[in-house]
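J.: Compute the structure for the input listed below.
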Amino acid sequence: MPVATARLVGGRLSLRVEQGPGLFNLSVGGADISFVAADGQALRVTVGAEGRGLRVIGGADQALFATYEAFRAESLARLVFPVREAIAARQATGDLAAVASLTEKEVAAYREHRRELNEFTVAKLRGSAALYAASLRWDGDDRLEALAGVVRDFAGKFPEAEISRLMEERIARFRVTAIGALAPELAGASPEGATVSLKELRGRFVLVDFWASWCGPCRLENRGYGELYERHRAAGFEILAVSVDHDARSWKAAIAKDGATWRHIADLTGWKSPLAARYSVTALPASFLLDREGRIVAKDVRGKALAALVAEKLGPGR
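T.: This is a model prediction of the structure:
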């Protein structure tokens, strides 16, 4: 495991990484901050009044991590936040048609944001411990071979590092959910407490949908799924909704309010859910369309495009 030691000297806190490289978390006076470093790198910690303004300074890896975080914030502010603000404004006026249109734009904007993070990784973070921090937000459907090459080079440089192993495992999981791959098994508790598994649905076209009660775009998707499900279920269409909620009451209330009559499972561990990890899901909504053999034929297809694809596979429905 990566290890960092801290020392307070003359009112200043210094850090030194003894076993790394790695991603670390520091807590001072109730304030938390993440930082990265490799073996032997020394860093300084500055703390503002009442624990505010916590910063970790020094080290080439930490400097790259700070640059990555600044780019991530800029990308979100440029691509995603304006659409979210427009959605909030339209919601306040009750313009649901505009909200639906803008929500599709938000999903597309977030995907572009993640694409930019992948590009930044490949271009800027080779050989740095900052690579692991960035990997937590990678989109495995964009430039996978380039990302795999970056990880391979890092693991060659740091073969014993835990983060090398974790990133190699992440690349392997991305390959598991590639188009054409046999979808990983999923099983979990339904709202009623029964065990529901994906293998029970083999022989049907299945939409595996990752969502949460607090995810606005997910809840909007539920409205469209209702009509799609009723139209095609007799022909063999099924939906398995996998929640990343923490709270059972919120999860069940959202299902009832949205009229989501299809199958649902959750382990109620939020983003720590092994169900989401199995499909490398780190952002919502996320969906995978499976054929009758259980192979992934499409990902993140929504709205009219999803309806057209299901109709192509199963006919116009009723």
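J.: could you measure residue 310 against residue 228, distance?
T.: Counting by C-beta to C-beta, to the nearest Å, the gap from residue 310 to residue 228 is 6 Å. (C-beta placed from N, C-alpha, C; glycine too.)
J.: quick one: which of these two has more around it?
T.: residue 310 (23 against 20; other C-beta atoms under 10 Å).
J.: could you list every residue that touches that one?
T.: Listed by C-beta atoms under 8 Å, 6 or more residues apart in numbering, the contact partners of residue 310 are 205, 228, 232, 237, 289, 317.
J.: From the residues you listed, keep the buried residues only.
T.: Among these, the ones that count as buried by 16 or more other C-beta atoms under 10 Å are 205, 228, 232, 237, 289, 317.
J.: Specify the residue ranges that define each domain of the chain.
T.: 3-58, 62-176, 187-314 (automatic domain parsing).
J.: Including mean pLDDT, could the ones you listed go into CSV?
T.: As requested, the domains of the chain are arranged in CSV below (pLDDT from 0 to 100):
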stretch, mean pLDDT
domain 3-58, 70
domain 62-176, 94
domain 187-314, 95
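J.: Now do the helices in this protein.
T.: For the chain, the helices defined by DSSP state H occupy 60-75, 81-93, 96-124, 130-135, 144-157, 162-176, 216-232, 248-258, 274-278, 303-314.
J.: Please list the residues outside the shortest one that contact it.
T.: Residues from elsewhere that reach helix 274-278, judged by C-beta under 8 Å, 6+ apart: 173, 176, 184, 186, 188, 210, 242, 244, 265, 266, 267, 282.
J.: Swap in 7 Å and give it another go.
T.: Helix 274-278 has contacts (C-beta atoms under 7 Å, 6 or more residues apart in numbering) with 184, 186, 188, 210, 242, 244, 267.
J.: Which of those has the largest number of neighbours?
T.: Busiest of the contacts of helix 274-278 [other C-beta under 10 Å] is residue 242, holding 27 neighbours.
J.: Return the set of residues that bridge with it.
T.: residue 210, residue 265 (DSSP bridges).
J.: pretty sure it is touching residue 186, no?
T.: Yes: using C-beta atoms under 7 Å, residue 242 makes contact with residue 186 at a distance of 6.4 Å.
J.: shared neighbours, those two?
T.: Common neighbours of residue 242 and residue 186 (C-beta under 7 Å, 6+ apart) are 208, 265, 275.
J.: With neighbour count and distance to residue 259 added, can I get those residues in CSV?
T.: Formatted as CSV, the shared contacts of residue 242 and residue 186 follow (neighbours: other C-beta atoms under 10 Å; distance: C-beta to C-beta, whole Å):
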residue, neighbour count, distance to residue 259
208, 25, 20
265, 20, 18
275, 20, 23
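J.: where's the closest residue to residue 117 other than its chain neighbours relative to residue 296, distance?
T.: Leaving out its chain neighbours, the residue that sits closest to residue 117 by C-beta to C-beta, 6 or more residues apart in numbering is residue 137, at 5.5 Å. Going from residue 137 to residue 296 by C-beta to C-beta gives 21 Å.
J.: same question, residue 208
T.: Taken as C-beta to C-beta, the span from residue 208 to residue 296 is 9 Å.
J.: anything in contact with each of those two?
T.: Common neighbours of residue 208 and residue 296 (C-beta under 7 Å, 6+ apart) are 183, 288, 290.
J.: Name the nearest of these relative to residue 100.
T.: residue 288 (22.4 Å; C-beta to C-beta).
J.: Could you double-check that that closest one lies in contact with residue 296?
T.: Yes: using C-beta under 7 Å, residue 288 makes contact with residue 296 at a distance of 5.3 Å.
J.: So these two - more neighbours on which side?
T.: residue 288 (24 against 20).
J.: which residues does the more buried one contact?
T.: Applying C-beta under 7 Å, 6+ apart, the residues contacting residue 288 are 177, 183, 208, 279, 296, 299.
J.: Identify the farthest-apart pair in these.
T.: 183 and 299 (10.7 Å).
J.: contacting residues for the closest residue to residue 281 other than its chain neighbours?
T.: Closest residue in space to residue 281, ignoring its immediate chain neighbours: residue 210 at 4.7 Å, by C-beta to C-beta, 6+ apart. Applying C-beta under 7 Å, 6+ apart, we find residue 210 in contact with 242, 244, 276, 279, 281, 284, 285, 286, 287.
J.: Tell me the one of those nearest residue 261?
T.: For these, the nearest to residue 261 is residue 242 (16.1 Å; C-beta to C-beta).
J.: Please report the distance of that closest one from residue 159.
T.: For residue 242, the distance to residue 159 - C-beta to C-beta - is 35 Å.
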